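1. prediction below, plus the sequence it came from.
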Amino acid sequence: MVMYRGDKWHGIMTYFFEMFLQRFKYCYNFVRPADRLWGIRLANGSFNGMMGMLNRKEVDIALGPFGVSYDRSQLADMSHPFMFIDHRIMYPRPQVEPDLRGFYRPFSPISWVVTFSTLLAVFLCLFAIAIITKLAMSDRLQGHPPTFTNILEEGGRIIRWTYGILLSQSMSWTPSQGSGTVLLWIMFSFILSTIYKSNLKAMLILPKITIPFDTVEELVEQDSIEYYILGSTVIHQVLRDAPPGSLYRRAYDKKKGILSGSLTPIAFTLLEEKAAFMTNTLVIKSLMEMAFVKEKDCSQATTREGYLKLFMGVILLPKGSPLVDEVNRVVQAVFEGGLMAWWEDQALRRGSICFNTLATDRKVDLRPLSLEDMYGIFLLYAAGMILAAIVLAFEVINRKVSGEENRE
């Protein structure tokens with residue numbers, strides 16, 4: 001890649017070209033395509049970008065590096081491959097977001113179902129033991145059987161005790177019957193509450209970061225992040241020419257748009273719109289380098305899995321160019337000496353660091369809890385207040401019923 005900054009040309013391929021010139025002593029002039037594109041075949045059969053310049057014999061060499069495609073191989077001679085270009089999806093680095101269901105997440109849904117089912121079973125068991133005991137005592141002492149009010153009061157005491165023990169509350173009353181069930185419920189509640197508090201604390205200290213997608217298929221299926229494609233490149237051509245209904249064609253049809261030209265405005269567009277980008281890893285590192293300069297942080301991440309793997313980076317020359325053998329000798333020396341990786345590290349040091357930083361990596365700084373983090377607790381509190389109001393209404397009705405029975 002070659003970029004113009006200030007009054008100088010920069011980029012990985014300028015290092016290669018300087019080495020080529022030192023060896024063969026050619027005079028040169030960098031020419032930038034007017035449309036700032038790599039180049040693909042258009043509908044009328046012509047080529048745009050650097051490919052079009054090669055086709056029209058306007059330049060003697062196109063540095064690229066280019067991905068290999070059939071159309072390009074028919075138009076130009078290719079150097080030996082000197083790098084392997086993978087394709088990935090770049091997207092805004094996911095952040096720790098407030099979670100409305102944070103208090104609910106320490107247990108899975110089935111665990112909550114089992115917990116409350118056990119709570120109900122313990123209540124019914126203790127309630128049944130209490131009623132059977134009262135009925136047996138009334139028969140033995142030939143007294144009056146328990147009234148409906150007595151049964152409700154006993155049920156209320158048992159449910160308050162059962163629920164209170166689950167919440168680790170100190171209870172002034174304990175069921176006198178079913179000591180085995182009582183002991184097991186106390187032990188179960190203690191273990192359950194300890195596990196819940198430990199898991200909740202761990203989730204608050206190290207919250208889980210959700211990755212929006214990691215494959216092209218997941219990108220197409222989701223709707224939360226829009227994405228662009230780098231225009232006039234191999235990925236653009238492959239997605240555009242894919243069979244209708246295929247994964248790549250669906251990815252092409254669902255795109256928000258195509259970005260092409262200079263990488264600087266592309267980087268700023270992606271940052272502003274918080275959009276994803278489908279392109280090769282070299283372009284991704286360049287965009288991450290620019291984003292780091294602007295944001296002072298690794299604000300972008302990439303998918304862990306690539307697609308369209310092992311597209312070899314090559315230099316293109318017009319068909320029959322006498323420079324092919326000379327370029328290949330330099331390419332071989334660069335490849336065998338590992339210079340391309342070193343040049344990449346020198347030109348895109350910060351971009352390479354951001355590229356190799358996983359999307360799930362988090363900063364050491366602790367995130368203060370926001371109001372949104374407390375919404376779940378507030379909703380739970382509101383539900384508790386509603387339940388308390390229902391219980392209060394029940395107790396008022398119960399007192400009225402008890403008063404009427406006493407007057408009778």
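-> Cool, the structure landed.
2. so which strand or helix has residue 97?
-> Counting by DSSP states H and E, no helix or strand carries residue 97.
3. next, count neighbours for it.
-> If you count neighbours by other C-beta atoms under 10 Å, residue 97 ends up with 13. C-beta here means a position set from N, CA and C on the backbone, and glycine is covered the same way.
4. same deal with the one 4 residues further on?
-> Residues near residue 101, counting by other C-beta under 10 Å, number 9.
5. so it belongs to a helix, correct?
-> No: per DSSP: H, G, I helix; E, B strand; the rest coil, residue 101 lies outside any helix segment and is coil.
6. separation between it and residue 211?
-> Distance of residue 101 to residue 211, computed by C-beta to C-beta, to the nearest Å: 18 Å.
7. repeat for residue 114
-> Using C-beta to C-beta, we find residue 114 at a distance of 29 Å from residue 211.
8. repeat that for residue 153.
-> Taking C-beta to C-beta as the measure, residue 153 falls 54 Å from residue 211.
9. so residue 66 touches residue 38, yeah?
-> Yes: with contact defined as C-beta atoms under 8 Å, residue 66 counts as touching residue 38 (6.5 Å).
10. name the element residue 65 belongs to?
-> Assigned by DSSP H and E, residue 65 belongs to strand 62-66.
11. what's that strand packed up against?
-> For strand 62-66, the packing partners by 3 or more C-beta pairs under 8 Å, 6 or more residues apart in numbering; DSSP states H and E come out as helix 12-24, helix 49-55, strand 307-318.
12. pull the residues that contact the longest one.
-> When contacts are defined by C-beta atoms under 8 Å, 6 or more residues apart in numbering, helix 12-24 is touched by residues 1-2, 26, 28, 63-65, 282, 326-327, 329-330, 333-334, 339-340, 343-344, 346-348.
13. try the second one
-> Identification of contacts with helix 49-55 by C-beta under 8 Å, 6+ apart yields 31, 33, 35-41, 46-47, 59, 62, 64, 72, 75-76, 232, 316-318.
14. picking up where we left off before, more neighbours: residue 114 and residue 211, which one.
-> Just comparing residue 114 and residue 211: by other C-beta under 10 Å the higher neighbour count belongs to residue 211, 15 against 12.
15. does that one sit in a helix, a strand or a coil?
-> Recorded secondary structure, residue 211: coil (three-state DSSP).
16. which of the contacts of helix 12-24 fall in helices?
-> Taking DSSP state H as the definition of helices, the contacts of helix 12-24 contribute 282, 326-327, 329-330, 333-334, 339-340, 343-344, 346-347.
17. neighbouring strands - and their directions - for the strand holding residue 65?
-> Under the criterion DSSP bridges, strand 62-66 sits next to strand 307-318 (antiparallel) in its sheet.
18. what angle separates the partner strand from helix 339-347?
-> Between strand 307-318 and helix 339-347, the angle comes out at 100 degrees (axes from the mean of the first three to the mean of the last three C-alpha atoms, to 10 degrees).
19. CA atoms of strand 307-318 as PDB?
-> Extracted C-alpha coordinates of strand 307-318, given in PDB (Å, rounded to 0.1, in the frame of the first residue of the first chain):
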ATOM      1  CA  TYR A 307     -12.900 -15.800   4.900                       C
ATOM      2  CA  LEU A 308     -11.500 -15.900   1.400                       C
ATOM      3  CA  LYS A 309      -8.200 -17.100   3.000                       C
ATOM      4  CA  LEU A 310      -4.800 -17.300   1.300                       C
ATOM      5  CA  PHE A 311      -5.400 -14.700  -1.400                       C
ATOM      6  CA  MET A 312      -1.700 -14.100  -2.300                       C
ATOM      7  CA  GLY A 313      -0.400 -10.500  -2.500                       C
ATOM      8  CA  VAL A 314       1.200  -9.800  -5.800                       C
ATOM      9  CA  ILE A 315       2.500  -6.900  -7.900                       C
ATOM     10  CA  LEU A 316       0.900  -6.500 -11.300                       C
ATOM     11  CA  LEU A 317       2.700  -5.500 -14.600                       C
ATOM     12  CA  PRO A 318       1.300  -5.100 -18.100                       C
END
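20. chain center to it: distance?
-> Chain-centre distance of strand 307-318: 30 Å, with C-alpha atoms, centre = their mean, to the nearest Å.
21. do stretch 325-340 as well
-> Centroid separation for stretch 325-340 versus its chain: 39 Å, with C-alpha atoms, centre = their mean.
22. which of the residues in stretch 58-69 are buried?
-> 59, 61-69 (16 or more other C-beta atoms under 10 Å).
23. can you give me the pLDDT of the residue nearest to residue 346 when sequence neighbours are not counted?
-> Using C-beta to C-beta, 6 or more residues apart in numbering and skipping the chain neighbours, the partner closest in space to residue 346 is residue 15 (7.9 Å). The score at residue 15 is 80. That number is its pLDDT.
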